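1. All I have is the shape, not the residue letters:
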């Protein structure tokens, strides 16, 4: 916070200090003052408020670097708050229960939205989320809320339309309002790729100065952006729609109206469609070709990369198309790190990561100044659900717990 233009409010200061303690792990009051540029008196006051609210605890002492009394370390009191994170897509629904320090308490997997009506799916989400909390014994004041990651946009009517593009049911459905009408818990609904980026940032304990992107792959692609420690959504929550960046202007027509979009070349459903046009490959891998088998068919392709040249060629084409788009993204935003996350990278993530590294090393404009780190997310298929819970836990926890006023819906 040092050097900021303008003065942050008391609520913003409390949230910032809580976030800093979370990202560092264990930190002394003196280190907080050095990192934030705040006075010792301000740090003492805010830390006392956070201690009184039970959000942090004192524990251990810093190693002495000078004569005098050892510095007492502060750390997050994880069990003070918890949140449920949900990742909802066509094929499956993942639930996680996470505490304030990012520790996974419980998880479960249930059926996806499929072709069911939105009201039925919403009722399932509320029932199963509360059941998870009850079984873990983390209800009451400790439950901060429920975050839901969906493949859609926040401020348009088609909030969760991509859950099932074959039906019209979701086009006019406000998922967030429907959830709020069925539970007293706080509710946030967010794009799944943004949630994945928040999850990687929050659980990876990156410093707030880190600028990075998370490519999230399920049946298609999305890009979550973290700029200066906060998710970037754009003016209408459409930032990160890399699926519709053009790779081949003379390519196949996309549903968006353009030709040669990344989605038509590299998305899981496009690769499976190409594979189904090869009868020998279908026979060798046992591809089914139904909407419900899409993820399984794609995983068969990805798993066959080491032994099947046709499967390897399809995955390689997908990885090269994604790398072409991501070179443009990193040239535009000067990113330091790119993480690959989501179920689409589970089987052949190493292929995608290797191709991206090669392209960054040879084509990124920043290659002479700094490397661009490419890594696979360590949080598996749960990363979007973990990020949804993290959004709930990182938005205004301190201000609501120590008596600050103000603050509406906030994702970051």
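-> Sure, I can see it. Here the structure is a predicted model, which means the values were calculated and not measured.
2. And the pLDDT at residue 360?
-> According to the per-residue confidence, residue 360 scores 97 in pLDDT.
3. For it, give its distance to residue 351.
-> 15 Å (Cβ to Cβ, to the nearest Å). Using the backbone N, CA and C atoms, a C-beta is placed for each residue, glycine as well.
4. More neighbours: these two, which one.
-> Of the pair residue 360 and residue 351, residue 360 is the one with more neighbours under other Cβ atoms under 10 Å, namely 22 against 18.
5. Give me the contact list for the helix or strand hosting the more buried one.
-> In the assignment (DSSP states H and E), residue 360 maps to helix 349-363. Under the contact criterion Cβ atoms under 8 Å, 6 or more residues apart in numbering, helix 349-363 has outside partners 302, 305, 315-316, 318-320, 322-324, 326-327, 330, 338, 340, 345, 367, 371-372, 374-376.
6. could you redo the last one with a cut-off of 6 Å?
-> Contacts with helix 349-363, where a contact means Cβ atoms under 6 Å, 6 or more residues apart in numbering, come from 315, 319, 320, 323, 326, 327, 340, 367, 372, 374, 376.
7. Quick check: buried residues in it?
-> 349, 351, 352, 353, 355, 356, 357, 359, 360 (16 or more other Cβ atoms under 10 Å).
8. Retrieve the pLDDT associated with residue 12.
-> Looking at residue 12, the pLDDT reads 81.
9. and residue 30, backbone torsions?
-> The main-chain torsion angles of residue 30 are listed as degrees, to the nearest 10 and equal phi -60, psi -40.
10. Name the nearest residue to it, sequence neighbours excluded.
-> residue 71 (5.8 Å; Cβ to Cβ, 6 or more residues apart in numbering).
11. Could you chop this structure up by domain?
-> Taking automatic domain parsing as the reference, the chain has its domains at 10-76, 81-199+384-401, 205-380.
12. Helices of this protein, residue ranges please.
-> Ranges of helices in the chain, per DSSP state H, are 10-24, 29-36, 40-52, 118-136, 175-180, 192-204, 262-266, 268-276, 279-285, 294-303, 309-333, 349-363, 383-394, 397-401.
13. what does the second one rub up against?
-> Okay, so that is helix 29-36. If you take Cβ under 6 Å, 6+ apart as the criterion, helix 29-36 is touched by 1, 40, 43, 47, 71.
14. got it, and stretch 134-146?
-> So stretch 134-146 is contacted by 81-84, 97, 105-106, 129, 133, 185-187, 392-393 (Cβ under 6 Å, 6+ apart).
15. let's see 7 Å
-> Counting by Cβ atoms under 7 Å, 6 or more residues apart in numbering, the neighbours of stretch 134-146 from elsewhere in the structure are 79-84, 86, 97, 105-106, 129, 133, 183, 185-188, 392-393, 397.
16. Cross these against strands and list the overlap.
-> In strands, judged by DSSP state E, the following of the contacts of stretch 134-146 are found: 82, 83, 84, 86, 97, 105, 106, 187, 188.
17. Name only those of the residues you listed that count as buried.
-> Applying 16+ other Cβ under 10 Å to those, the neighbour count classes 82, 83, 84, 86, 97, 105, 106, 187, 188 as buried.
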